[in-house]
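Visitor: Need coordinates for the following:
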Amino acid sequence: MTNATLSALLLGALGAGFLAGAWHTQHESVSAVSPRPRRILAYVDPMHPSYRSDRPGIAPDCGMALTPIFEDDAARAAQEVPGPLMTPGAVNISPERQPLIGIQVSAVEKSADITKLRLYGRVAPDERRLYPINVGMDGFIREISPVTTDTLVEKDQWLATLSASEIRAPIQAYIVALEVLDRTRNAAEGPMRVELAAQALQQTADRLLTFGMSSVQLEEISRTRQVPSAIKLTAPAAGFVVARHASIGQKLAKGDELYRIADLRRVWVLADVFGAEAEYVKPGATAEVSVPGRATSFRARVSSDVRPWLDAGSQTLRLRLEVDNPGFVLRPDLFVDVDLPVTLPPAIAVPADAVVDSGSKRRVFVERRAGVFEPRQVETGWRLGGRVQIVKGLAEGDRVVVAGTFLLDAESRLRATALAGSLR
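Guide: Numbers count the residues shown, from 1 in each chain. You can find the predicted model right below:
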């Protein structure tokens, strides 16, 4: 082989090696810039990860874009909770990240608790302090006072004057009974006859009171011994006029109600309590009643005669509280707030925010170890004062997430969905 031929072959080999090296370098550079595309397993609803789709789009319930679940995400979700902690939906969040997303953990304890029931009440007159004013015979209204509904009246204040022809004979009988009693006492006929005369006088007086005559007018007749031409109606007690059905010249029939007066120095507050809460309300318990927008509050007492039946519309028990009402701040039909302390029996309870309620199931997140949280299904009991009783599923000492549960639940559902997709 000549020297020229050998040189040509050598140059060709060197050129081929150079080209191969350049191609290899270029191929490695392209591979580094353009990695292999990630494989998408499915698309899920970010708010409800149970909804899956094989193509991108919009979630039908919340209107948000569907989130892709990648194959390497599913594998990583399965690896983040290793060994015996492979509970579906378990989440691993480092202690450093927990304060950043608002996660708080607290140990569960079994203890008695005193909490406040926040109720909405309505003021009503005390039925034992309502005074209807009725007429006991037919007649007409001759005069009427200027008092109207919501007017504050004093005891024995004049309200109206009635004219009735039938009243004369009973008044004359009352005057006769007065004179008989006087003669019996003066003649010293003995205590028996005096007692009989006094009873006869009382019967005639009761008859006049039934007709609508006031005790003030009876005393006036006893003093003057004269028959008045009309009946004067007066207020039987101090209070507010809550009803008025009288006008000058009005014709009256026996039994008609002309006025109704309510003594509001003491009132009722009616509040509705749900059946589960009513179990812990005891007669005689004290509560605080306040008017929205005012700084004034009142001490109330739960009445001993709480109604034993449910309201058909609201399915609640009616609670009645008795309140002293100085200054008449509490008026009938006024809406008020009621804070009623109740003592709960010893139980395992957690804040209401710790429980994820899906309707048919309820669960909490328990810290298995530092940074590892797993969902656990529980059974709940009473729900009072922002706390929920856990009947089954937790034990004393368990560390439960009490804040940030919503975000943790969303992450748990996403990871459970990714893990389920990777195992198909």
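
Visitor: switch to C-alpha atoms for all contacts and neighbour counts from now on
Guide: Will do.

Visitor: Spatially central residue in this protein, please.
Guide: Leu119 (4.6 Å; Cα atoms, centre = their mean).

Visitor: so what does the host helix or strand of Pro68 touch, helix or strand wise?
Guide: Using DSSP states H and E, Pro68 sits within strand 67-70. Identification of packing neighbours for strand 67-70 by 3 or more Cα pairs under 8 Å, 6 or more residues apart in numbering; DSSP states H and E yields strand 40-44.

Visitor: Show me how far stretch 310-318 is from its chain's centre.
Guide: Computed by Cα atoms, centre = their mean, to the nearest Å, the chain-centroid distance of stretch 310-318 equals 13 Å.

Visitor: let me redo that: stretch 349-363
Guide: 19 Å.

Visitor: ok, now stretch 388-397?
Guide: 25 Å.

Visitor: Would you mind listing the buried residues in that stretch?
Guide: 388-390, 394 (16 or more other Cα atoms under 10 Å).

Visitor: my guess is Leu319 meets Trp268, correct?
Guide: No. Applying Cα atoms under 8 Å, one finds Leu319 not in contact with Trp268, separated by 9.9 Å.

Visitor: The two: which is more packed in?
Guide: More crowded of Leu319 and Trp268, by other Cα atoms under 10 Å: Trp268, with 27 against 23.

Visitor: what's near enough to touch that one?
Guide: Taking Cα atoms under 8 Å, 6 or more residues apart in numbering as the contact definition, Trp268 lies against 123-126, 320-323.

Visitor: May I ask you to confirm that it belongs to a strand?
Guide: Yes. Per DSSP: H, G, I helix; E, B strand; the rest coil, Trp268 lies within a strand segment.

Visitor: Against Glu143, how distant is it?
Guide: Relative to Glu143, Trp268 is positioned 35 Å away (Cα to Cα, to the nearest Å).

Visitor: Check Arg223 too.
Guide: 24 Å.

Visitor: Between these two, which has more neighbouring residues?
Guide: Taking other Cα under 10 Å, Arg223 and Glu143 do not tie; Glu143 has more neighbours (17 against 9).

Visitor: Just to check, the more buried one is in contact with Thr161?
Guide: Yes. Counting by Cα under 8 Å, Thr161 is a contact partner of Glu143 at 5.0 Å.

Visitor: Going by residue numbers, what spans are helices in the stretch 101-250 of the chain?
Guide: Ranges of helices in the stretch 101-250 of the chain, per DSSP state H, counting those that start in this stretch, are 168-187, 191-211, 215-224.

Visitor: any idea how far the strand holding Pro68 is from the chain center?
Guide: Distance, centroid of strand 67-70 to centroid of chain: 42 Å (Cα atoms, centre = their mean).

Visitor: could I get the buried residues of stretch 388-397 as JSON lines with distance to Gln377, secondary structure and pLDDT?
Guide: Listed next are the buried residues of stretch 388-397 as JSON lines, based on distance: Cα to Cα, whole Å; DSSP: H, G, I helix; E, B strand; the rest coil; pLDDT from 0 to 100:
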{"residue": "Val388", "distance to Gln377": "14", "secondary structure": "strand", "pLDDT": "87"}
{"residue": "Gln389", "distance to Gln377": "14", "secondary structure": "strand", "pLDDT": "86"}
{"residue": "Ile390", "distance to Gln377": "10", "secondary structure": "strand", "pLDDT": "90"}
{"residue": "Leu394", "distance to Gln377": "9", "secondary structure": "coil", "pLDDT": "89"}
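
Visitor: which one of those is nearest Val400?
Guide: Among the buried residues of stretch 388-397, Leu394 lies closest to Val400 (Cα to Cα), at 9.0 Å.

Visitor: Now do the contacts for that closest one.
Guide: Contacts of Leu394 (Cα under 8 Å, 6+ apart): 108, 348, 378.

Visitor: Check Gly397 too.
Guide: 107-109.

Visitor: can we see that at 10 Å?
Guide: Residues near Gly397 by Cα atoms under 10 Å, 6 or more residues apart in numbering: 106-110.

Visitor: Give me the pLDDT value at it.
Guide: Per-residue pLDDT puts Gly397 at 88.

Visitor: Low-confidence ranges, this protein, go.
Guide: 1-39, 41, 45-51, 61-62, 70-88, 305-309, 415-424 (pLDDT under 70).

Visitor: Domain ranges for it, per the record?
Guide: 1-35, 71-112+345-422, 117-125+264-341, 134-258 (automatic domain parsing).
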